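> How does the following fold in three dimensions:
(one chain, ligands or ions: 1)
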Amino acid sequence: MKRWLRAVGSWFDARLKVREVLLPVLQHPIPRAAAGPKGWFYIFGSASMTLLFLQILTGIGLALVYVPAADQAYQSLQYLNYRQPLGWFLRSVHYWSGSLMVVMVLVHMTQVFLHGAYKYPRELTWVLGVFLLLLTLGLAFSGQVLRWDADAYWGLGVGASMAGRVPVLGPAVVTLLLGGPVIGGDTLSRFFALHVFILPGLLLTVLAAHLWLVLTRGISTPPVPGEKVDPKTYDAAYERELRRGVPFLGEALRKDALFSALVVILVVVLAAVAGPKGPSGLPDPAVQGANPRPDWPFLWTFGLLSLAPPGMETFLMLVFPAFLVLGLLLVPFVSNRGERAPSRRPVAVLTVLVGGVALAVLSYAGATADWSPHMGAWSGAPVPEKVVARSAPRELAGAAVFQNKSCRDCHALEGSGGRRGPDLSGVGARLTRDQLIDQVSNGTPGGGNMPAYGKHVSPAEMDALADFLVALRPAGRPPSRTPTQ
Ligand code: HEC
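You can find the predicted model right below:
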């Protein structure tokens with residue numbers, strides 16, 4: 001049997017030449033100290049990668065059932081949760097291993113930062129690592145949107161509102177992301193493509209480059225106080241270190257494998273005990289006081305916004321994250337030489353401590369704050385005075401309903417207000433009273449762009465609202481009498 005296997009192996013290898021390429025890679029020498037007890041510092045990168053492969057595997061499983069259509073996504077998740085044998089477990093593993101992947105990437109980065117492993121000649125490895133973090137977060141966000149529940153809807157609302165604040169490009173970016181000016185069926189298709197093709201493709205590409213650098217420039221030695229990095233002498237010293245090195249295929253690989261196995265077991269246990277996340281109810285934009293929360297990797301932004309004065313929202317949503325990312329990218333360019341040991345780098349240690357505490361406190365605030373973002377970027381503007389200057393009392397009451405039910409968030413009057421729905425300035429000349437009431441009661445059928453207000457508006461309010469809408473006509477135009485299609 002063994003001889004037979006070896007013969008088949010040789011047959012393939014004579015053609016593929018795998019052994020020639022792969023064996024040297026697996027047996028490449030690593031610094032002796034990195035294979036000893038300090039080798040336990042080096043396990044987080046490979047564990048992140050293991051979780052990524054688990055994500056790909058479970059993701060393919062989910063994609064077989066999930067329907068990326070606005071009116072079926074929610075049902076397909078319910079199907080996975082309750083009908084499909086072990087469907088809930090697949091969802092659960094995907095969620096928990098994704099969450100753990102974010103944690104693992106952060107831990108990996110913290111370790112690299114504290115050990116000064118980003119210094120010469122590994123600056124580019126760090127930069128690519130920052131992109132890997134961003135792509136991982138992008139996957140977490142787009143994955144949350146695919147749940148297509150209330151949290152997803154509002155999370156996307158905040159995201160779109162953030163993007164909408166970008167000067168000049170904002171509206172174009174929002175249209176690109178949402179597939180139109182409003183969150184609708186096209187939005188889900190876009191995020192599906194983003195989550196299963198674009199982001200994973202980018203992630204694997206950047207990961208390949210990251211690994212290439214790890215292999216060609218080698219892993220850093222565990223830092224020793226007093227041993228400074230000097231780009232002029234580093235390469236020769238590292239070369240000497242490797243000559244006394246040990247093959248990666250051995251102690252180091254064993255540690256990686258053991259830790260990765262433990263992480264996978266942790267994921268399976270968490271998934272079995274805690275179960276899948278959501279979906280948490282269908283999105284309903286008409287529900288006032290909805291209490292949406294983003295998934296935990298983004299809770300800290302939510303906490304930050306809830307604590308900050310409203311005037312700071314645009315700054316915090318746009319400028320602050322941009323600065324954070326820029327700061328991370330610049331780390332190796334601020335200092336790529338000198339001491340690497342944490343005991344000689346108090347500023348680095350302090351940075352990690354302050355960052356960690358801030359992240360924890362803000363996430364806690366985000367999880368508990370009774371706050372939801374002020375969608376100022378859409379509209380909170382009052383009904384223009386001109387519109388109601390000569391209104392009858394009941395029309396005025398209707399204007400108040402229009403204001404209180406957040407119709408203005410989506411509809412403009414005389415050019416001011418939200419842009420998700422049409423400007424309603426002349427709607428009384430276009431639609432009959434019955435059509436108007438029908439539109440408000442039933443919204444866009446099939447859970448589309450306009451929510452149904454039937455259950456959220458009393459008959460008296462609806463009456464007043466209809467009067468107000470019918471009165472929205474250019475001067476001298478009669479109300480519409482014939483239903484239009
Ligand atoms: C979440 C966004 C949103 C909110 C909130 C909203 N609408 Fe709409 N509305 C739309 C969209 C989008 C349309 C376009 C047609 C469609 O998709 O159904 C629309 C269409 C309409 C129309 C038909 C306009 C036309 O020219 O055909 C009327 C009337 C209307 N809305 C009234 C209201 C009123 C009154 C409220 C508040 C009670 C309201 N809408 C709240 C998004 C919204």
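
> Low-confidence stretches in the protein?
Applying pLDDT under 70 to the chain picks out residues 181-182, 283-292, 310, 370-381, 418-420, 445-449, 484-485.

> all strands for it, in order.
Taking DSSP state E as the criterion, the chain contains strands spanning 29-30, 246-247, 412-413, 416-417.

> which one of the ones you listed is the most hemmed in?
strand 412-413 (a mean of 21; mean count of other C-beta atoms under 10 Å). C-beta: built from backbone N, CA, C; applies to glycine.

> ok, and does that strand reach over to the ligand?
No - counting by C-beta under 6 Å from any ligand atom, the ligand has no neighbours in strand 412-413; the shortest distance is 10.8 Å.

> Show me where the stretch 251-400 of the chain has its helices.
251-274, 299-307, 313-314, 320-334, 346-368, 385-388, 393-404 (DSSP state H, counting those that start in this stretch).

> Include distance to the ligand and mean neighbour count when you put the ones you listed into JSON lines, please.
Below are those laid out as JSON lines (distance: least, C-beta to the nearest ligand atom, whole Å; neighbours: other C-beta atoms under 10 Å):
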{"stretch": "helix 251-274", "distance to the ligand": "33", "mean neighbour count": "16"}
{"stretch": "helix 299-307", "distance to the ligand": "21", "mean neighbour count": "20"}
{"stretch": "helix 313-314", "distance to the ligand": "20", "mean neighbour count": "18"}
{"stretch": "helix 320-334", "distance to the ligand": "26", "mean neighbour count": "13"}
{"stretch": "helix 346-368", "distance to the ligand": "24", "mean neighbour count": "14"}
{"stretch": "helix 385-388", "distance to the ligand": "13", "mean neighbour count": "14"}
{"stretch": "helix 393-404", "distance to the ligand": "6", "mean neighbour count": "18"}
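
> Looking at these, spot the one closest to residue 224.
helix 346-368 (15.8 Å; C-beta to C-beta).

> need the contact list for residue 32.
241, 244, 245, 246 (C-beta atoms under 8 Å, 6 or more residues apart in numbering).

> Inside helices: which ones of these?
residue 241 (DSSP state H).

> Out of the contacts of residue 32, the closest to residue 115 would be?
Nearest to residue 115 among the contacts of residue 32, with distances taken as C-beta to C-beta, is residue 241, at 15.3 Å.

> got the contact list for that closest one?
31, 32, 221.

> give me that answer again for 6 Å
Residue 241 makes contact with 31, 221, according to C-beta atoms under 6 Å, 6 or more residues apart in numbering.

> go on, residue 470?
Counted by C-beta under 6 Å, 6+ apart, residue 470 has contacts 428, 433, 479.

> Next: residue 260.
Here residue 260 is in contact with 47, 50 (C-beta under 6 Å, 6+ apart).

> And it, how close does it get to residue 138?
Using C-beta to C-beta, to the nearest Å, residue 260 is found at 23 Å from residue 138.

> Also residue 69?
With C-beta to C-beta as the criterion, residue 69 and residue 138 are 22 Å apart.

> Residue 224 too?
Distance from residue 224 to residue 138, by C-beta to C-beta: 37 Å.

> more neighbours, those two?
residue 138 (16 against 12; other C-beta atoms under 10 Å).

> which residues touch the closest residue to residue 359 other than its chain neighbours?
Residue nearest to residue 359 in three dimensions, not counting chain neighbours: residue 300, with 5.5 Å by C-beta to C-beta, 6 or more residues apart in numbering. Neighbouring residues of residue 300 by C-beta under 6 Å, 6+ apart: 359, 362, 363, 366.

> switch to 10 Å and redo it
Residue 300 makes contact with 294, 358, 359, 360, 361, 362, 363, 364, 365, 366, 367, according to C-beta atoms under 10 Å, 6 or more residues apart in numbering.

> Can you lay out these as a markdown table showing distance to residue 470?
Formatted as a markdown table, these follow (distance: C-beta to C-beta, whole Å):
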| residue | distance to residue 470 |
| --- | --- |
| 294 | 40 |
| 358 | 54 |
| 359 | 53 |
| 360 | 55 |
| 361 | 52 |
| 362 | 48 |
| 363 | 49 |
| 364 | 50 |
| 365 | 46 |
| 366 | 44 |
| 367 | 46 |
